[in-house]
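just coords:
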């Protein structure tokens, strides 16, 4: 029961005569002939509990009644049916209901008005009303993200939350997602936020061992998005510091669905079926065009015109279109789920079953997930409550290699010249240059993985005395991944060794025990105090093994045991974390709010003198609309808040990074030996981030317009980086605290109810964010992919290369900027030419409802980010890679004096194509229709006959349209999903597909 409903319940129970008298007075005008008696009950849609004291009126009359303690009512209405009833209750949104049949009691649900009731959100071990929060917290309801069908929930957050940037490294189902909250704070250590599912800290990093060309499996795809009730994102240090070392990059709290006390069993079923296709592919030069370009290189480099490589270029065959058809297909998506929830006076339950399959557009990608979730809560007595949350899942994958991989189907198909066939006349595969046969990679390569995961929590909660509650949690996150890849003997990779197989098994386990003691009280009905104290003990262990085998009797035998030669490797490690934390919060009449948090973490990863870190934070807020002097009627809420705190980071470094390590295998004369494998750094300590946040929350015009504005200043010190050292030491690098990074930004979010009447409603949500990143201190530069450079004074992910000024119209040669003005072009002339980080990004969501039909259109956008079109660099080579094909862009090359173009003269010599220039940098700004959903809710008057609560039909299009100047397939993809130092590089990566989905949701 809501707070407002509880107050009304007490008033009505103490003053039953008042309720009776009010009902009689409201019904008096209905005492006439020609009446129809309507019976019904009004309940809370979320909790299924009765709403006491709700008023039920006949539209445009004074004829009405008040619901009793069971939420029931009886209303006599004038005239014939149908009639419209208007239902109102404090703390809920008003509703109009058309009644066509009064033969049976009707069931009316009301939605809580979060503006009036102050929505409850989870922030750091406690639940708070949004009106008294001093931190920056943003939440996303499940119905806001159900329209986007993805394998993992984190992809659904793109564009939903200001200050949160989500990017995927390919269009492969279940691939990794880079999610950053308020910028990137670390250079080598982890930048991913902490994910908390029903109180369990879950691991978000991949534990795969077999590389797939930069493609990384997303471990969050193990979780079923259909089980999620709400997602809350904690962004500033005051919200995250109580999580200590885990909260430096923000915290994402996932609350899953649970049953409600004293409610009937609800059964929900959903089915979704759809297809996907590639929106855009690469434009490749065909066979005659390739031959023409090849001849031109030959002539420009002094070749004899009588001996052209292709005397009749127009007669050359072209196979490129067929190759693209061979690689891609129409994908299939299907999802089926059934949920059961309910409860009695003592026990609530939720059971969810789900099957999800995504057949990828890139052959032979396929993902299948099977999941089960159970949530149970039981009141043993008035003082003791116990419960559990358990999730079991299995994910099976068939994986197509992608990106920078010579065995990946995409580069293997489109990098060879267009006049090279896929098969020889005898049907055998064509292997060209360094690339394998793409048909062999699709038809014969066997690359599979299976992931099994258990995420569970068991809790007990005991009320020691009134308002003093002790809680203990025992949590586990257990994950195993089994990977197997077999290269058959028909592939270039394994032809010389009669087949090659790799088998890997990885296990990761996190065990957590946590205790909290909390006390809440209110003094003199004005001073609210809350106290929290707790401790956490966490142990993480992981192990892995990998076996490589060659020499198989035939390709029918793929198991390791069938091979002639086997080599293996294995490892295991563990780390521990002990934490103590506390929180104090004060609230005076919802007007003046202050809170203080502190956490101490002790980690086994750091040196003896630096194991412990202390992470404090404090916040204040002022609700101006609670002041008596505040008289602006148009302003329903206005709150100012500010906070400051410090968080730590130990992610991204090994379990024993601070220790000196020795390893075996240094054998000599058939005798085993040891060697030093890592230098010790006992001074290694926590990476820390301090953050200041100032914010404003406001509501206007009867809560129809809500805005949130935040400014933040983050500064990270003692950045954990791998620093080079003199090789005379026997080592090339050591992990040190050597760097500082700043992130400063502003965020704005708006929610508006534009129209809201009986037949039509229109709501809008909009957000925009700007973040400025800068490396404030770094002793040594760090480069990635020979294009991205990390250097003091520059933002992260800066592109550093040669700048092409123009192509000389007379000679056709590229003119390179002599940056240091020394009269020659060399490595010293490289300069910063762009950055992969956006200037602003955000989303726009509009929902329209006309009677029982609704339409939702969700847009995402990014502005100011640059993309390196690495694919163009590789295939617009001007003849420097004679065994490779060309893109259509190469046809724009300079050919004769007077030509104006940015594509230089074709030649295999000189600087025209020998240097990496900014010519391949493109503006990655975009506006994308992320999803569009059209739905129809069958009217309840029809459903009531079949005892059905809700029946919804819908159709959804995802990635429907994109507006961008980027010439590649998608400006959002990134070749290196597993790298903290790489962003904005498009290198033969599988395109993000466009999908169309049709579904039905039924609730009984």
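Arrived safely, thanks for sending. The structure displayed is predicted, hence computed values, not measured ones.

how much space between the residue nearest to residue 678 when sequence neighbours are not counted and residue 188?
In this structure, residue 678 finds its nearest non-sequential neighbour in residue 661, 4.0 Å apart by CB to CB, 6 or more residues apart in numbering. In this view, the C-beta of every residue, glycine as well, is placed from N, C-alpha and C. From residue 661 across to residue 188, the span is 18 Å (CB to CB, to the nearest Å).

Next up, phi/psi of residue 245, please.
phi -70, psi -20 (degrees, to the nearest 10).

Next, the buried residues of stretch 635-652.
636-639, 641-652 (16 or more other CB atoms under 10 Å).

quick one: which of those sit in helices?
Among the buried residues of stretch 635-652, no member is found in helices (DSSP state H).

Helix, strand, or coil at residue 815?
Secondary structure assignment for residue 815 (DSSP: H, G, I helix; E, B strand; the rest coil): strand.

what do you get for residue 474?
strand.

can you count the residues close to it?
15 (other CB atoms under 10 Å).

give the contact list for it.
By CB atoms under 8 Å, 6 or more residues apart in numbering, residue 474 lies in contact with 457, 458, 459, 512, 513.

give me the beta-bridge partners of the fourth one?
Put plainly, it is residue 512. residue 475, residue 538 (DSSP bridges).

That one against residue 475, yeah?
Yes - here residue 512 reaches residue 475: they are 4.3 Å apart, a contact under CB atoms under 8 Å.

Give me the common contacts of these two.
With CB under 8 Å, 6+ apart as the test, residue 512 and residue 475 both reach 200, 201.

which of these two has more neighbours?
Between residue 512 and residue 475, counting by other CB under 10 Å, residue 475 is the more crowded of the two (24 against 20).

can you pull the contacts of the more buried one?
Counted by CB under 8 Å, 6+ apart, residue 475 has contacts 199, 200, 201, 456, 457, 458, 510, 511, 512, 513, 514.

one step back: the residue nearest to residue 678 and residue 675: what is the separation?
10 Å.

how distant is stretch 591-602 from the center of its chain?
28 Å (CA atoms, centre = their mean, to the nearest Å).

SS state for the residue nearest to the spatial centre of the chain?
In the chain, the residue lying closest to the centroid (CA atoms, centre = their mean) is residue 154, at 2.2 Å. What three-state DSSP gives for residue 154 is helix.

if you count what's nearby, which of residue 661 and residue 188 comes out ahead?
For the pair residue 661 and residue 188, the greater number of neighbours falls to residue 188 (21 against 13), based on other CB under 10 Å.

Show the contacting residues for that one.
Residue 188 neighbours (CB under 8 Å, 6+ apart): 652, 653, 719, 720, 721, 722, 735, 980, 981.

Looking at the contacts of residue 475, spot the one nearest residue 842.
residue 201 (28.9 Å; CB to CB).

Can you name the residues that contact that closest one?
Counted by CB under 8 Å, 6+ apart, residue 201 has contacts 194, 195, 246, 475, 477, 510, 512, 538.

May I see the buried residues of stretch 941-951?
Those buried within stretch 941-951 under the rule 16+ other CB under 10 Å are 943, 944, 949, 951.

Between which two of those is the distance greatest?
944 and 951 (11.2 Å).

which neighbours do the two share?
In contact with both residue 944 and residue 951: no residue, using CB under 8 Å, 6+ apart.

From the contacts of residue 201, which one has the minimum pLDDT?
Scanning these for pLDDT, the low point is residue 246. It has 77.

isn't residue 575 right up against residue 606?
No - counting by CB under 8 Å, residue 575 stays clear of residue 606, with 10.1 Å between them.

By neighbours, which of the contacts of residue 188 wins?
These, ranked by neighbours (other CB under 10 Å): first place residue 720, 27 neighbours.

Assign the nearest residue to that one once chain neighbours are set aside to helix, strand or coil.
Once flanking residues are discounted, residue 720 sits nearest to residue 189: 4.2 Å by CB to CB, 6+ apart. Classification of residue 189 by three-state DSSP places it in coil.

now residue 189: how far from residue 260?
42 Å.

of the buried residues of stretch 941-951, closest to residue 227?
Closest to residue 227, out of all of those and judged by CB to CB, is residue 949, at 19.4 Å.

Now that closest one: closest residue in space, sequence neighbours ignored.
residue 1003 (4.4 Å).

pLDDT weak spots in the chain?
1-34, 46, 113-124, 213-214, 404, 976-980 (pLDDT under 70).

Excluding chain neighbours, what is closest to residue 197?
residue 254 (4.6 Å).

Verify the stated contact: that neighbour with residue 196.
Yes - under the criterion of CB under 8 Å, residue 254 makes contact with residue 196 at 6.8 Å.

Phi, psi for the closest residue to residue 790 other than its chain neighbours please.
Nearest residue to residue 790, sequence neighbours excluded (CB to CB, 6+ apart): residue 782, at 4.1 Å. Main-chain torsions, residue 782, degrees, to the nearest 10: phi -130, psi 130.

For residue 782, give its distance to residue 729.
20 Å.

wait, what's in contact with the residue nearest to residue 774 when sequence neighbours are not counted?
Excluding its sequence neighbours, the residue lying closest to residue 774 (CB to CB, 6+ apart) is residue 742, at 5.0 Å. By CB under 8 Å, 6+ apart, the residues touching residue 742 are 713, 714, 715, 716, 772, 773, 774, 776.

residues in contact with the first one?
So the one you mean is residue 713. Counted by CB under 8 Å, 6+ apart, residue 713 has contacts 691, 692, 693, 742, 744.

Please repeat the previous calculation with a cut-off of 6 Å.
Listed by CB atoms under 6 Å, 6 or more residues apart in numbering, the contact partners of residue 713 are 692, 744.

same check, this time on the fourth one
Residue 716 makes contact with 185, 689, 741, according to CB under 6 Å, 6+ apart.

10 Å - rerun?
183-187, 189, 248, 647, 649, 687-691, 739-743, 775-776 (CB atoms under 10 Å, 6 or more residues apart in numbering).

now residue 799
Residue 799 neighbours (CB under 10 Å, 6+ apart): 785, 787-789, 831-836, 866-868, 916, 918, 920-921, 984-985.

Pairing partners for it in the sheet, please.
Here residue 799, judged by DSSP bridges, has bridge partners residue 788, residue 834.
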